[in-house]
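J.: Dropping a prediction and its sequence here:
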Amino acid sequence: MRKLLICLLLTLPIPLNTAAAAADCVDTACIDVYTQDGQIIIEGKKGSGPKAKVKPRTVKPSPKPTVVKPIFPELIPRPTATPTPSPKRTYKPRAKPTAKPTLKPKATKSVSLNDRLIKLLPTGGIAYQPEAEPLVNVPIYFWSDLPTQFATRVTVVGEVVDVLLRPGFVWSFGDGTFLSTTDPGGPYPNGKIKHTYKNPGIYPIILVQSWNGNWTHNGTTRAITGTIKTTVFAVVTVVIAPTRFMF
């Protein structure tokens, strides 16, 4: 029975201390960089959040008034046989002390900084060479005009964040051939992305461009959550070289 209870206790979920995790953003800034809807989102938070801190003030209690009892003079008998009654003295009622109003503690808003930056990445199209009626069995050079990297430095909640992304490419040449690379390609003669068609025809070219990267804050580098993908299209018409007859 004791072993069964121990096993049950070990399998129970242990609640995380969310208060300690939330307190991490009070003294140091919490930075996060991720992708959303084809954009780079950079968020920063520093402070204790929307909750207000109340600074209590000490209010001293009011002193109680001292009640003075009236003192009546003693009646002194006269030497005459018939005593004369002495007149009664009247006393004005004392004013009751008014209680001082209790001061309520002031609520001071806590300092909380939140910032959100959105960065748009560059887009690129498809270029190829030769442009005018490329021939069968002749290499065609393809490239994308995207930059080889995207680097930016931003400031959120007083903190400097460096963002660096590099593109990757997946080519579909329309004849069942695919190519995955990190090279954007280039024109003749130095371009590294080239394709040769064996048959004439109209070929749809599809290029998927993917951005991945990392961000750095306070000397620590982390990967950016998510990937930004864009797809561009082009059409290539490949023809047969004309045949010349010599007579």
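T.: Looks like it arrived, so ask away.

J.: ok, now how distant is the nearest residue to Pro147 once chain neighbours are set aside from Val26?
T.: Here the nearest residue to Pro147 in space, its sequence neighbours aside, is Pro122; by Cβ to Cβ, 6 or more residues apart in numbering that works out to 6.1 Å. In short, each C-beta sits where N, CA and C put it, glycine included. With the distance defined as Cβ to Cβ, to the nearest Å, Pro122 ends up 37 Å from Val26.

J.: Of the two, which one has the most company?
T.: Here Pro122 and Val26 are set side by side on neighbour count (other Cβ atoms under 10 Å), and the busier one is Val26, at 16 against 12.

J.: Secondary structure class of that one, three-state.
T.: What DSSP: H, G, I helix; E, B strand; the rest coil gives for Val26 is helix.

J.: Return the distance of it relative to Phe178.
T.: Applying Cβ to Cβ, one obtains 51 Å for the distance of Val26 from Phe178.

J.: Then Pro122?
T.: For Pro122, the distance to Phe178 - Cβ to Cβ - is 24 Å.

J.: In the sheet, which residues pair with Val235? Tell me.
T.: On the basis of DSSP bridges, Val235 is bridged to Pro204.

J.: Can you read off the pLDDT for it?
T.: The predicted structure scores Val235 at 97 on the pLDDT scale.

J.: now the helices for this structure?
T.: Along the chain, the segments classed as helices by DSSP state H run 2-11, 18-27.

J.: Name the stretch from those helices where average model confidence is lowest.
T.: Within these, the stretch with the lowest mean pLDDT is helix 2-11, showing a mean of 49.

J.: in stretch 180-190, what counts as buried?
T.: Residues of stretch 180-190 classed as buried by neighbour count (16 or more other Cβ atoms under 10 Å): 184-186.

J.: where does this protein dip in pLDDT?
T.: 1-24, 48-113, 243-247 (pLDDT under 70).

J.: Quick check: the nearest residue to Phe178 once chain neighbours are set aside vs Ile140, distance?
T.: Among residues not flanking Phe178 along the chain, Ser172 sits closest, at 5.5 Å (Cβ to Cβ, 6+ apart). Here the distance between Ser172 and Ile140 works out to 14 Å (Cβ to Cβ).
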